[in-house]
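Participant: The sequence isn't on hand, but the structure is:
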């Protein structure tokens with residue numbers, strides 16, 4: 001025969017992997033089973049990288065079961081500048097509320113940590129980058145005032161890109177207000193412990209996040225005023241390795257200790273016992 005019929009190649013059947021089943025670690029780039037990460041407190045089992053978690057997840061990890069009682073849950077932002085970019089400011093707030101199931105970028109309340117009564121404020125980076133507007137500043141200031149009234153330690157967990165541009169000068173004023181409220185705790189001998197999570201930047205890092213009696217950070221958290229690219233462009237110099245990472249800042253004296261998520265609750269309880 002002049003022509004021979006070739007066999008048609010067998011098509012290989014593709015196996016579909018459901019979305020969200022695997023996660024790529026931002027640090028080691030390994031593909032890790034999502035349930036394994038969730039079981040490990042959202043920490044990569046390959047390299048110990050701490051993934052960002054929500055404020056609600058963090059409260060569950062730190063507060064004794066059933067002990068957390070929220071303050072000012074319904075406090076809402078105004079629109080002092082009638083700000084609009086691709087959305088109006090109220091529309092952007094509403095979109096973030098729907099996405100995160102939070103009313104604002106911070107949750108505050110009273111709780112117990114291994115039996116010790118505390119006042120707790122926890123920022124959520126998933127709500128507008130954890131930016132500090134007038135409501136965030138007011139809620140943290142009120143938490144500090146409650147800590148003074150009840151003579152209970154104040155613990156803040158910061159995770160923020162900084163001030164909220166949609167509120168302009170009203171946002172920047174929160175730096176002084178919150179710092180003054182926390183200063184009154186120091187004047188009265190009430191402990192204030194600040195925990196820095198990834199990332200903590202801008203006006204939050206420049207105010208209440210870095211004036212704690214003790215400052216703790218999670219491993220490899222990025223912490224600073226401006227981002228490394230901005231600093232490199234301004235200084236026209238290459239920055240050191242791990243610049244602005246928690247371990248670098250510990251070595252240079254900005255923070256007091258780096259504590260893993262697994263050990264955070266017992267470390268806080270031990271410190272509260274010492275300071276109280």
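Facilitator: Structure received. Source: prediction; values computed, not measured.

Participant: So, low pLDDT: which residues of this protein?
Facilitator: The chain contains residues with pLDDT under 70 at 1-19.

Participant: all helices of it, in order?
Facilitator: Applying DSSP state H to the chain gives helices spanning 34-39, 55-62, 89-100, 134-150, 168-187, 202-205, 228-235, 246-251, 261-275.

Participant: So for the third one, what gets flagged as buried?
Facilitator: Within helix 89-100, the residues that qualify as buried are 89, 90, 92, 93, 96, 100, counting by 16 or more other CB atoms under 10 Å. For glycine as for every other residue, the C-beta is placed from the backbone atoms N, C-alpha and C.

Participant: if we can go back for a sec, how about the helices of the chain, which one is nearest residue 125?
Facilitator: Shortest separation from residue 125 across the helices of the chain is recorded for helix 55-62, at 8.8 Å, computed as CB to CB.

Participant: If you count neighbours, what's buried in that closest one?
Facilitator: Buried residues in helix 55-62, counting neighbours by 16+ other CB under 10 Å, are found at 55, 58, 59, 62.

Participant: From residue 48, how far out is the residue nearest to the spatial centre of the chain?
Facilitator: For the chain, the residue nearest the mean C-alpha position is residue 159 (2.5 Å; CA atoms, centre = their mean). Noted for residue 159: a distance of 18 Å to residue 48, by CB to CB, to the nearest Å.

Participant: do the same with residue 185
Facilitator: 33 Å.

Participant: Tell me which of these two has more neighbours.
Facilitator: residue 185 (20 against 16; other CB atoms under 10 Å).

Participant: Does residue 275 touch residue 191 like I think?
Facilitator: Yes. Here residue 275 reaches residue 191: they are 3.8 Å apart, a contact under CB atoms under 8 Å.

Participant: neighbour-wise, which of those two wins?
Facilitator: Between residue 275 and residue 191, residue 191 has the larger neighbour count (other CB under 10 Å), namely 20 against 14.

Participant: residues in contact with that one?
Facilitator: By CB atoms under 8 Å, 6 or more residues apart in numbering, residue 191 lies in contact with 153, 154, 185, 213, 214, 271, 272, 275, 276.

Participant: Residue 132: which of the residues you listed is nearest?
Facilitator: Residue 132 has its nearest neighbour among the contacts of residue 191 in residue 154, at 16.4 Å by CB to CB.

Participant: ok, the closest one - how many residues close by?
Facilitator: For residue 154, using other CB under 10 Å, the count is 27.

Participant: bridging residues for it?
Facilitator: Beta-bridge pairing for residue 154 (DSSP bridges): residue 119, residue 192.

Participant: That one reaches residue 142, doesn't it?
Facilitator: No. Shown here, residue 154 and residue 142 do not form a contact pair, counting by CB under 8 Å, at 11.1 Å.

Participant: before we move on, the earlier item: looks like the residue nearest to the centre of the chain contacts residue 195 (just checking).
Facilitator: No. Counting by CB under 8 Å, residue 195 is not a contact partner of residue 159; they are 9.2 Å apart.
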